[in-house]
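Visitor: Below: sequence and its predicted model.
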Protein chains: 2
Amino acid sequence: MSPSFQADDPDVAEPLLEGNSESVADPSTEPREDDARARLLAAAGPVFARQGFDRATIREICGDAGVNIASVGYYFGDKLGLYREVFRAIRSKCQAAFQPQDAVELPPRQELFELVRHLLSRMLAPDDSGWESQLMMREMDNPTEIFSEMVEESIRPPFDRLVGALGALAPPQTPAHVVEHLALSVAGQIVYYRVGAGVIRRLIPAERLQQHFTLDQLARHITGVAIAAAEGGLALTHAAQFDAETQPNTTSDAHHSE
Amino acid sequence: MSPSFQADDPDVAEPLLEGNSESVADPSTEPREDDARARLLAAAGPVFARQGFDRATIREICGDAGVNIASVGYYFGDKLGLYREVFRAIRSKCQAAFQPQDAVELPPRQELFELVRHLLSRMLAPDDSGWESQLMMREMDNPTEIFSEMVEESIRPPFDRLVGALGALAPPQTPAHVVEHLALSVAGQIVYYRVGAGVIRRLIPAERLQQHFTLDQLARHITGVAIAAAEGGLALTHAAQFDAETQPNTTSDAHHSE
DNA sequence: AGGTGTTTTAAACATCCGTTTAAATCGTTG
DNA sequence: CAACGATTTAAACGGATGTTTAAAACACCT
């Protein structure tokens, strides 16, 4: 029978998975369920990240983990159970990285730079060590039932800190939605260096890529754009400098699909 | 035999697809190959965009088109041939939208705003009419053999115009790589409203979404950020205001994976 | 050792997909 | 009309995948 996640015995007592009854970790009843289970969990992350949920095959994951194909059914119920557990592991790591840091209280500009640099370093990490952000990206593109949990647990914390830093940077009476726009602008720029990595690699000459697209330079650029917009450029957004010429009907576009 | 993508000797039945000899388009030999073929092509786009290349099934496409399953093999050789042809149709439309417009010569700020608004309107279009951008996004995430062609034919033209507008907006001696960074920042913000649409929908309260996230407001915001950064904020990027405190060792991050 | 519950294994199952085949249908022409 | 090529159809093939099964291997305890 499966060890912990479900049990459908028809007549005997049924240890259902109401909450987590894994509080008792008696080493006698569960001597070492970690060996295969943990190896499976560790091997699944990179494969899911590289291939996506559908294209990733249980056979490849089990091959990497060195366990039998039936093990995923034995330990996680099915493929989606394994996927879900991979995200639970990520969530723990993300929460630990973003929540206990509010005791430091850096000045807003530096806080913003640290945030951008940290997030960007995750995005630009090579696949071996940076598979977590790639996995989250795949979940954004092809949402499963995990999606909403992932947003709340792994995306909202850094986003809230972004909003906090930008709110402290913007003029005092800045409305909330403007700060949110700014935060999304920063997030979009960061994410693009992962989503559009392939495009960028072909759009920018190779020499310039190697010379001017290092982690530090990109973080500095994004932070600079955000500060410029937050401190000085917000007035432009509300000024009617674009409206006058563009509202009635522009040159040719904006209705190619209606 | 297949009508257009292959044509071998008429006497021997050789269904091999060696190359494309689709030069002759005699209407007598091909009376109306448009009915099934065009319907297939029209139905394939949205399905490929919604599901991606792998998850999209020939059976669903043919079901939507109202043709038999074998038709895709008959008209396009195989699934990838159909995919390739869908992109060829997109390419034509994209080239027509961006190339012949350089005769207008708007002032840089307005040119930038028009560009942003145009691209954003493509990104935010609902799936029925905006499947083209979604398809390109899927190709960015899971590149096939089409990828490089797509970048050159469908992405570089608008990117070059972005670089042009931002270069005209920035101070005269601005180096090229800074302008490219700016262009990527704009592109990243635009793309994020499609890639991160699901995230944004959960991150921002619904009322604020409906009130402040219209196409025009987003275009205005992105343009404002770009102008603020291009005109005034570039000096910040090169100033060493972040370096002093952050170079040796910061607070806790940037080495969570080593 | 024998027995018991847990873990591992190899094999099979059912399903779905892309592709192919060979026959049927249709349209045009001699 | 009959014949021929172009198109369409239904059915099947081969392969891959997730899942299940039943037996084997194992660890532990009395």
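Guide: Happy to help now that I have it. Residues are numbered from 1 along each chain as shown, chains lettered A, B, ... in the order given.
Visitor: Run a quick neighbour tally on residue A:201.
Guide: 12 (other C-beta atoms under 10 Å in any protein chain shown). Yep, even glycine has a C-beta here, placed from its N, CA and C like the rest.
Visitor: For it, list the residues it contacts.
Guide: Contact analysis of residue A:201 by C-beta atoms under 8 Å, 6 or more residues apart in numbering or on different chains lists residue A:209.
Visitor: And the pLDDT at it?
Guide: Note on residue A:201: pLDDT of 96.
Visitor: same thing with residue A:36?
Guide: If you check residue A:36, the pLDDT there is 91.
Visitor: cool, and residue A:243?
Guide: pLDDT at residue A:243 comes out at 47.
Visitor: go on, the one 5 residues further on?
Guide: Per-residue confidence (pLDDT) for residue A:248: 41.
Visitor: for stretch A:55-75, the distance to its chain's centre please.
Guide: Chain-centre distance of stretch A:55-75: 24 Å, with C-alpha atoms, centre = their mean, to the nearest Å.
Visitor: Give me the contacts around that stretch.
Guide: Contacts of stretch A:55-75 (C-beta under 8 Å, 6+ apart): A:2-3, A:5, A:33, A:36-37, A:39-40, A:42-44, A:46-48, A:50-51, A:78-79, A:81-82, B:54.
Visitor: Poorly predicted segments of the stretch 51-200 of chain A, please.
Guide: Scanning the stretch 51-200 of chain A for pLDDT under 70 picks out the ranges A:99-104.
Visitor: where along it do the helices fall?
Guide: For the stretch 51-200 of chain A, the helices defined by DSSP state H, counting those that start in this stretch cover A:58-65, A:70-76, A:79-98, A:108-124, A:131-141, A:147-150, A:156-169, A:176-195, A:197-203.
Visitor: wait, which of those helices is closest to residue B:207?
Guide: helix A:176-195 (10.1 Å; C-beta to C-beta).
Visitor: what's near enough to touch the residue of the stretch 151-258 of chain A found nearest DNA strand C?
Guide: Among all residues of the stretch 151-258 of chain A, residue A:198 sits closest to DNA strand C, at 23.2 Å; criterion: C-beta to the nearest atom of the strand. Residues in contact with residue A:198, defined by C-beta under 8 Å, 6+ apart, are B:140, B:143, B:147, B:151.
Visitor: For DNA strand D, see how far away the residue lying closest to the last one once chain neighbours are set aside is.
Guide: Once flanking residues are discounted, residue B:151 sits nearest to residue A:202: 4.8 Å by C-beta to C-beta, 6 or more residues apart in numbering or on different chains. Remark: distance between residue A:202 and DNA strand D (C-beta to the nearest atom of the strand, to the nearest Å) = 29 Å.
Visitor: Now do the same contact list for residue A:202.
Guide: Applying C-beta under 8 Å, 6+ apart, the residues contacting residue A:202 are B:148, B:151-152.
Visitor: Buried ones among those residues?
Guide: Among the contacts of residue A:202, those classed as buried by 16 or more other C-beta atoms under 10 Å in any protein chain shown are residue B:151.
Visitor: Quick one: the contacts of residue A:202 as CSV, columns for distance to DNA strand D too.
Guide: Formatted as CSV, the contacts of residue A:202 follow (distance: C-beta to the nearest atom of the strand, whole Å):
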residue, distance to DNA strand D
B:148, 26
B:151, 28
B:152, 32
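Visitor: Identify, from the contacts of residue A:202, the entry nearest to chain A.
Guide: Nearest to chain A, judged by C-beta to the nearest C-beta, of the contacts of residue A:202 is residue B:151 at 4.8 Å.
Visitor: Was I right to think that closest one contacts residue A:200?
Guide: No. Look at residue B:151 against residue A:200 with C-beta atoms under 8 Å: they stay out of range, at 9.6 Å.
Visitor: Enumerate the residues of the stretch 1-150 of chain A near DNA strand D.
Guide: A:28, A:31, A:56-59, A:69-70, A:72-73, A:77-80 (C-beta under 7 Å from any atom of the strand).
Visitor: May I ask which of the residues you listed has the most neighbours?
Guide: Most surrounded of those: other C-beta under 10 Å gives residue A:72, at 23 neighbours.
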